[in-house]
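1. generate a structure from the sequence data that follows.
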Amino acid sequence: MGREHWKKIWVGSAGNMVEWFDWFVYATFAVYFADAFFPKGNETANLMNTMGIFAVGFFMRPVGGWLLGRIGDRKGRKAALTLTVTLMSASAILIAIAPTYAVAGYGGVAVLLIARLLQGLSVGGEYAASATYLTEASDPGRRGFASSFQYVSMTAGQLVGLGLQIVLQRSLSDAALHSWGWRIPFIVGALGAAVVFYLRRSMLETEVYEESGAAADADRGTLKALWAHKREAFLVMALTMGGTVAYYTYTTYLTKFLSKSAGMEKSTASLVSFCALFVFMCIQPLAGALSDRIGRRPLLITFAVGSTFLTVPIMTMLRHAGTFWPAFGLALLALVVVTGYTSINACVKAELFPTGIRALGVALPYALANALFGGTAEYVALWFKKAGAESGFYWYVAGCAAVSLVVYLSMRETRDIDLNRVKDEPQRLTAEPVPSN
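-> Sure, this is the predicted structure:
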């Protein structure tokens, strides 16, 4: 890759990191502020209410996917990426200053809800804009490697959030964290977003978009154009289903699962997540590069098989992992399996659509799948826990992976697709038969 390609990847990834830092700190710090916005009572019920608001953010993501995907296809990837980080900064500020139940009653919940709606709007467009940008900015033979930096940056954002949580846990009392310390990461997120806004204003547009002629297409970025590629859109939803449930299970939910279900100290649970996610982040480019050599389908199939058959035993053993090392080993095993999806899902989805509809084509169906499965994963887990049947959630995760496995087995390989196509026929979705000699 040339210097300009690396610059595009760096700027796109840096913004993505801040976006996902702001998104994930809500989940990682929820255990500290859940009681601040609701009446004193059942701790699990308050956490469920707080995570219910977290899930509401996911239901705003399809709107963000449509709006910002449309902007990305009509005005360019840079315009969409700049707008997403602006919205995220505003939402972080709102959470940082939101009044508690003791001060404003349910007024604080209203502020929290508005902030999460803005975050959902922002992240709904950020995923597709960054996935499209990173895929288009790379050399044709290294798209898997380049697009893997989306999850490198996403995970880096979560690691920064977890790292900040660990520092605060060791420097502030538990009472201080519950009282006001949980506001600190949202202030940090707002400042980080301001820096990225400055960087993205000077970022370069991708050559694929500039040279494709997509900007001259009157139907670019419209639902009409997307409907012409409806099979690809449904494919994005289906292949996302298992991956997003598994990802959120072993990332945002893991810390709460270890502390609430496995009985670990919150600080130990955070450290387990931090260490496992760090290794997970480092192996993303390796898996992405591997897909450039052997194709995308082998990695996706490996993920789905592993997640289908290993989720129940891994979660069962995590439930009884009382110390750091067993929990770390199991969490890392789970995340290595998930890498088959996370490292390449961005480029696989971008490779399914022509340039004039690529951002919207990735954004809207992906956001819908996340709203239905990713955003509700923690709520579903807590529902099973409250019902006294926590193991039911393990089977739910495995079942979602099994559905995606069927899709991976039947879809075609996308590695060698030409991104410069604009008005070609929709891509063939089923695996092509191997010609006989």
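2. please make it C-alpha for all contacts and neighbour counts, starting now.
-> Will do.
3. do I have it right that Gln158 meets Trp20?
-> Yes: assessed by CA atoms under 8 Å, Gln158 is found in contact with Trp20 at 6.6 Å.
4. who has more neighbours, the two?
-> Gln158 (29 against 25; other CA atoms under 10 Å).
5. would you mind writing the CA trace of the helix or strand harbouring Arg143 as CSV?
-> Using DSSP states H and E, Arg143 maps to helix 143-147. C-alpha atoms of helix 143-147 as CSV (Å, rounded to 0.1, in the frame of the first residue of the first chain):
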residue,chain,number,x,y,z
ARG,A,143,-9.0,-5.2,0.9
GLY,A,144,-9.4,-7.9,3.6
PHE,A,145,-6.3,-6.6,5.4
ALA,A,146,-7.3,-2.9,5.1
SER,A,147,-10.9,-3.4,6.1
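6. after it comes which helix or strand?
-> Next along from helix 143-147, by DSSP H and E: helix 149-171.
7. quick one: name whatever helix or strand follows that next one.
-> helix 174-179.
8. and the lengthiest helix in the chain, which residues are buried?
-> In the chain, assigned by DSSP state H, the helix with the most residues is helix 43-74. By 16 or more other CA atoms under 10 Å, the buried positions in helix 43-74 come out as 44-74.
9. please apply the same query to stretch 89-107.
-> 89-96, 98-101, 106.
10. what do you get for stretch 397-414?
-> Of the residues in stretch 397-414, 397-405, 407-408, 411-414 count as buried by neighbour count, 16+ other CA under 10 Å.
11. okay, who's weakest in the residues you listed by pLDDT?
-> Lowest pLDDT of the buried residues of stretch 397-414: Arg412, 91.
12. now the phi/psi pair for that residue, please.
-> When quoted as degrees, to the nearest 10, the phi and psi of Arg412 stand at phi -90, psi 160.
13. quick check: it vs Lys349, distance?
-> 12 Å (CA to CA, to the nearest Å).
14. burial check on Arg116, number of neighbours?
-> 27.
15. just the one 3 residues further on next, same as before
-> Here the neighbour count serves as a burial measure; for Gln119 (other CA under 10 Å) it reads 29.
16. what do you get for Gly124?
-> Residues near Gly124, counting by other CA under 10 Å: 32.
17. got it, and Ser173?
-> Count around Ser173 with other CA under 10 Å applied: 12.
18. go on, Leu112?
-> 25.
19. mind listing what it touches?
-> Ile53, Leu94, Ile95, Ala98 (CA atoms under 8 Å, 6 or more residues apart in numbering).
20. if we can go back for a sec, in helices, which of the buried residues of stretch 89-107 appear?
-> Of those, the ones assigned to helices by DSSP H are Ser89, Ala90, Ser91, Ala92, Ile93, Leu94, Ile95, Ala96, Tyr101.
21. the fourth one and Phe186 touch, don't they?
-> Okay, so that is Ala92. Yes: at 5.1 Å, Ala92 counts as touching Phe186 under the criterion of CA under 8 Å.
22. any common contacting residues for those two?
-> By CA under 8 Å, 6+ apart, Ala92 and Phe186 have these common neighbours: Asp22.
23. so where is the stretch 101-250 of the chain shaky, pLDDT-wise?
-> Low-confidence segments of the stretch 101-250 of the chain, defined by pLDDT under 70: 213-217.
24. ranges for the helices of it?
-> Assigned by DSSP state H, counting those that start in this stretch, the stretch 101-250 of the chain shows helices spanning 101-104, 107-136, 143-147, 149-171, 174-179, 184-201, 207-212, 223-227, 230-250.
25. winner for burial among the ones you listed?
-> When the helices of the stretch 101-250 of the chain are scored by mean count of other CA atoms under 10 Å, the highest mean neighbour count falls to helix 143-147 (a mean of 29).
26. now do that helix: distance to the chain's middle.
-> Put simply, helix 143-147 sits 17 Å off its chain's centre (CA atoms, centre = their mean, to the nearest Å).
27. other SSEs contacting it?
-> Counting contacts by 3 or more CA pairs under 8 Å, 6 or more residues apart in numbering; DSSP states H and E, helix 143-147 packs against helix 107-136, helix 266-294, helix 345-350.
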